[in-house]
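1. Kindly return the folded structure for what I paste below:
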Amino acid sequence: MLETAVMTTRWSRRGLLAAAASTGTALALGAPTRANAASTSDEFTTLRAKWRTLILGEGFSPTAEPFKSRLTELGATASQWQSSMAPTSGSLWPDLVYADPEPDTDQESYGYSGNLNTSYNRLSTLAQAYCQQGTGLTGDAALRTAILTGLDHLHTEVYNAGQTRYGNWYSWQIGAPQALLDVCVLMYDALSATRLANYLAAVDHFVPDSAVASYSGTSTGANRVDLCRVLALRGIVGASSAKVALARDALSPVFPYVTSGDGLYADGSFVQHTTVPYTGSYGSVLLGGLGMLFALLAGSTWQVTDANRQIVFDAVENAWAPFLYNGLVMDAVSGRAVSRGLSATDTKQIQQNDHLRGHPILASIVLLGQSASAAENARWRGLVKGWIQRDYYSPPLSDPSLGLTGLARLQSVADDTTVTAIAEPTGHRLFTGMARATHRRPGWAASLSMADRRITYYETGNGENLRGWHTGSGMLYWWGDTYANGQYSDAFWPTVDPYRLPGTTASRKVLADAAGGDWGASLPDVNWVGGATDGQRAAIGQYLKGLQSTLLAKKSWFCLDDSVICLGAGIRCTDGTTVESTIENRNLGPTGSHAFTVDGTVQSTAYPWSQTFTGAGWAHIGGMGGYVFPGGARFTALRDSRDGKWSDINKGGSTTVLNRRYLTLYVDHGTNPTDGTYAYVLMPGATAAQTQARAAATGWLSVLANTDDQQGVTVPSSGFTGVNFWFGGTVGALVASDPCCVMISEKSDGTAVICVSDPKRMNTGLTLTWNRAVTSVVSKPSTVASATTGTALRLTFDDMTGLAGATQKITVTLG
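-> From the prediction side, this is the model:
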C-alpha cells in the first residue's frame, strides 16, 4: 500500500512509477522526500502520508474501470485548467475574479470570495492530477510549476496575513484553507520552507485558535468539524503539536447530544443554522469530516479518545440511516441543497440530486467504520452494500460526481464477498427535535416535513432555495422500492409548482423569492407539532400557520402498515386568495403518460388537462399508487407540462429551460375558506384493484373526528386507533384532559400498547381515559403517576414539559 511505502521508505519519483507499473496498484506521487526530516519516528511525516491516502484514495487499480476513466477525466480537467490559468491582477483564472471593488458581505462580495475558494479548489484538482497515476499528467514538471505559480499568485494577491476578509466567511475560514492545505500535503516536497511559512501564516490569520474558542455562531456542528480539519492540517503541515491537539480537543463539543440549536439530538435529529434540519447536507459534511479526522489521528499522539465519540457511531443508524433509501438521502433534511441541481458554471453538466447527495454519505459511513467496533463496521458495510445494490435510478459506482476516494470505498464494499447486503430497515421514526418523520415499509418509504417555533418553514440564503416556502407545511414525500426513485431527483424542484407540494396546505398568495428571510429566520408561532409512535406505526399532527399568510389549519397523518391516512380540518384564511391542499403531485418526467383512473374510469392522457371530481371514492396513478377518499371527496386532477430553470430557485443555477410533466391531485378550499377539510388515504404501490377494494371496504376505516378541536381514526382490522387532541375532549373511546397525541395498537395476544405524547411540551399534567376494559398494566414509564384499570383505563401523567415531545409507552393486558 502507498501509505506503508511512504512511511517506511524514501521513494524516488522513478521508483514510485516503477512500483505502480509492476503492481498495477494506485500509487500517489509527491511523497515527502526530505532525507533528514522524513524518518519513521516523525509523526508529522506519517500523518501527512495518511492524509494523502485519505484524499487520493487507496486499494484500487488505475488501469481498472471505473477508475481508469475517472483518472483520465481528472487529467483532462486538470489539463484544461492548467492551460486556461492566466495570473493577473484580481484573478488566477479569467472566469474566477476574486478582487472585490467594494468589499463587504453582500451577495456580490459572496461571489468574489466564492471565486477565491474555487480557485484553490482548482489548484487542489491540479495537485491531485499531478500525484495520481493514470492522469496523463503524473509528475509533470510543467504542471508542478503551474501549481506553484498559482499558490504564489493567490498568496501574494489575496490570501495572506495582511488581507481583510470579505464576502462569505466560509470561503476564508473553511473552503480556501482546506483546499490550500490539501495542496500543501500533496506538493509538500516541492514547497520551500519560505513558501510553507507564508501559506501557514495566512491560514493562522484567517483561522486563528480563537475560531474554536467558543462553541457558538459559525463554529458549531459541521462547521466546527471543518474548522478542526483546517487546524489539524495546519498543525501537521507546520509540525505544530499544539495546533493538532487544539483541533482534536475542539471536536469534543460536537459529540454530546443537544436539546436545542445545532447538533445531534437523542431522537436522531440533526440541526444546523439553529433551526434547519440538515442531516443530508451539513450532516453529511459532519459525518465525512469526522470519519477523516478519526482515521487521520488514529494511532497517533493525538488520537481522538473522547468517549462521547460513540454518539457519532450510534448516529449512523439513529440519525443517518432513517433518511437513506436505495442510495438517496431524503430531501426533507437537505435544506438549501435541494436547489443546487445544475450550476451555471458546471462544465460537466452534472445535475445534483438526492441520490448524488446520498452517495458520499455511504462512502463516509464506510470510512467511519474503520474507527468503530468490528461489529458496527460489519453491519454498516452490509447496509451500504444494500444501498449500492438497490440504487437502480443512479448507481453509486457510476456516480460522475463522487470523488475517487469515495468511489474506491464503495467499490471495496461492493466487491467484498464476505459482506451480505442488508435490506432496507422498516419501521417508523419520529424526529421531534427537527419536526420530521420517516415511515418505512416493505416496498416503500415516506418522509414528512413540518415546522414549529423551533424549526423553520424552510431555509434560503446565498441566493439558494428561493421558493422552498411551503416545504415545511406538511410536505409528504414517498418512494417505491423499485419505482419512482427519481421522483424528486429529475428536475423536480425547478419545475414543480411551489404552491402545490404534495401533502401541503397552502394559500395561493404570491410570495416573493426568499420570502421570510435568510438562514431559517421565519418560524411559525405554533407549539402543537409532533406525534406518537410505537416504532412501527404513528399518529402525527401539525398545527399549520402559513408563511406570510393568515392561513391556519390542523393537519394529521396516521401511518399504518400499507398506507398513510391524511386528515385536514379547521382550514381558514383571509388572504383573499384560494387555499389548496395538495393530495399528490407526481413528477412523470419529460414524457410521462401514466394512466389515471377515478372510480374505475380511465381519464384523459392529454396535456394540459384538468377535471374536478365530486363524490369520488378512489383514484389511481399507474405504476405509482392509489388514493382512497373516505365517504367520497371533491378534488381536482391536473395534467400539466411545466417549464422551469434551476436559476429560478438558485441564483447560481443553470438558465437552461427544463420541462417536466406532472399529475396533480388537489382539494380546492376556495377563496378565504372558514372551515375547510379533507380526508384521503395514500396507498403507495397499490394496484388499481387493491385501491378499489380498499375503497369498497367501508368498515376498514372509521374517521372518529376531523375538526379544529380533534382529529382521529380507527382501523379495527389492524387494532389501530390514533387521535390528535388539539384541545382536550372526547373522541371515540378516548377522553383527554389536555392537548396531546394518542396512538393505540391492540395486539392479537390480548395486550395493547398505548403511546402518548405532549407535542406542545406544555402539559404540567395530563389525564387520559380509555373506555376499554383493561385488567392490568404490564409496563409504564415513570412519567405515569397513576394507572387505574377495570372497565376503563385511566392514566395520570406528571409534568411532561421536559420530555421534548417524546412518546411515552404503556403496555396493558386487555379485559
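2. Now do the buried residues in the lengthiest helix in the chain.
-> Scanning the chain for the longest helix, with DSSP state H as the assignment, gives helix 107-131. Within helix 107-131, the residues that qualify as buried by neighbour count (16 or more other CB atoms under 10 Å) are 109-131. C-beta coordinates here come from the backbone N, C-alpha and C atoms, glycine included.
3. again with stretch 598-614
-> Applying a neighbour-count criterion of 16+ other CB under 10 Å, one finds Val598, Gln603, Tyr607, Phe613 buried in stretch 598-614.
4. quick check, nearest of those residues to Asn672?
-> Phe613 (23.4 Å; CB to CB).
5. dump the residue contacts of that closest one.
-> Taking CB atoms under 8 Å, 6 or more residues apart in numbering as the definition of contact, the neighbours of Phe613 are Val598, Asp599, Ala619, Ala633, Arg634, Phe635, Thr636, Ala637.
6. redo that, cut-off 6 Å
-> Applying CB atoms under 6 Å, 6 or more residues apart in numbering, one finds that Phe613 lies in contact with Val598, Phe635.
7. Kindly export the helix or strand harbouring it (C-alpha atoms) in CSV.
-> Phe613 belongs to strand 609-621 when assigned by DSSP states H and E. Presented in CSV, the C-alpha positions along strand 609-621 are these (Å, rounded to 0.1, in the frame of the first residue of the first chain):
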residue,chain,number,x,y,z
TRP,A,609,-55.9,18.5,-19.0
SER,A,610,-57.9,19.1,-15.8
GLN,A,611,-61.2,17.9,-14.3
THR,A,612,-62.9,18.3,-11.0
PHE,A,613,-64.5,15.2,-9.5
THR,A,614,-67.3,15.2,-7.0
GLY,A,615,-68.1,12.3,-4.6
ALA,A,616,-65.1,10.4,-5.8
GLY,A,617,-64.3,7.2,-3.9
TRP,A,618,-60.8,6.4,-5.2
ALA,A,619,-58.2,7.3,-7.7
HIS,A,620,-55.1,5.6,-9.0
ILE,A,621,-51.9,6.6,-10.9
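8. For that strand, give the mean pLDDT please.
-> Rounded to a whole number, the mean pLDDT of strand 609-621 is 98.
9. next SSE after that strand?
-> Along the chain past strand 609-621, the next helix or strand (assigned with DSSP H and E) turns out to be strand 625-644.
10. And the residue nearest to Asp306 when sequence neighbours are not counted, how far from Gly433?
-> Excluding the flanking residues, the one nearest Asp306 by CB to CB, 6 or more residues apart in numbering is Ser252, at 4.9 Å. Taking CB to CB, to the nearest Å as the criterion, Ser252 is separated from Gly433 by 21 Å.
11. In terms of packing, which of these two has more residues around it?
-> The neighbour comparison of Ser252 against Gly433 (other CB atoms under 10 Å) goes to Gly433, with 25 against 16.
12. Can you name the residues that contact that one?
-> Counting by CB under 6 Å, 6+ apart, Gly433 has contacts Tyr265, Asp267, Ser269.
13. Distance of it relative to Asp561?
-> Counting by CB to CB - Gly433 and Asp561 are separated by 26 Å.
14. And Glu108, by the same measure?
-> With the distance defined as CB to CB, Glu108 ends up 54 Å from Asp561.
15. now Gly59
-> Taken as CB to CB, the span from Gly59 to Asp561 is 43 Å.
16. residue ranges of the helices in the stretch 151-300 of the chain, please?
-> In the stretch 151-300 of the chain, the segments counted as helices under DSSP state H, counting those that start in this stretch are 169-170, 176-186, 193-206, 221-237, 241-251, 282-297.
17. Could you identify the helix or strand that succeeds the last one?
-> Per DSSP H and E, the first helix or strand lying C-terminal to helix 282-297 is helix 309-315.
18. tell me which residues in that next one are buried?
-> Along helix 309-315, these residues count as buried under the neighbour rule (16+ other CB under 10 Å): Arg309, Ile311, Val312, Phe313, Asp314, Ala315.
19. give me every residue that touches the last one.
-> For Ala315, the set of contacting residues under the criterion of CB under 6 Å, 6+ apart consists of Leu264.
20. One more: the fourth one?
-> Neighbouring residues of Phe313 by CB under 6 Å, 6+ apart: Ala372, Glu376.
21. Going forward, count from 18.
-> With the count now opening at 18, the last piece we talked about shows up as Phe330.
22. Relative to Ile382, how far out is it?
-> 10 Å.
23. Same question for the fifth one.
-> Distance, Asp331 to Ile382, using CB to CB: 13 Å.
24. anything in contact with each of those two?
-> When contacts are counted by CB under 6 Å, 6+ apart, Asp331 and Ile382 have no shared neighbour.
25. Just to check, Ala636 is in contact with Val615?
-> Yes: using CB atoms under 6 Å, Ala636 makes contact with Val615 at a distance of 4.8 Å.
26. give me every residue that touches Asp685.
-> Contact analysis of Asp685 by CB under 6 Å, 6+ apart lists Glu597, Thr653.
27. Buried residues, the host helix or strand of it. List them.
-> Asp685 is part of strand 675-688, with elements assigned from DSSP H and E. Buried residues in strand 675-688, counting neighbours by 16+ other CB under 10 Å, are found at Leu675, Arg677, Arg678, Tyr679, Leu680, Thr681, Leu682, Tyr683, Val684, Asp685, His686.
28. What count of nearby residues applies to His170?
-> Other residues within reach of His170, judged by other CB under 10 Å, total 19.
29. Could you verify my assumption that it touches Ser106?
-> No: the pair His170 and Ser106 does not pass the contact test of CB under 6 Å, sitting 9.8 Å apart.
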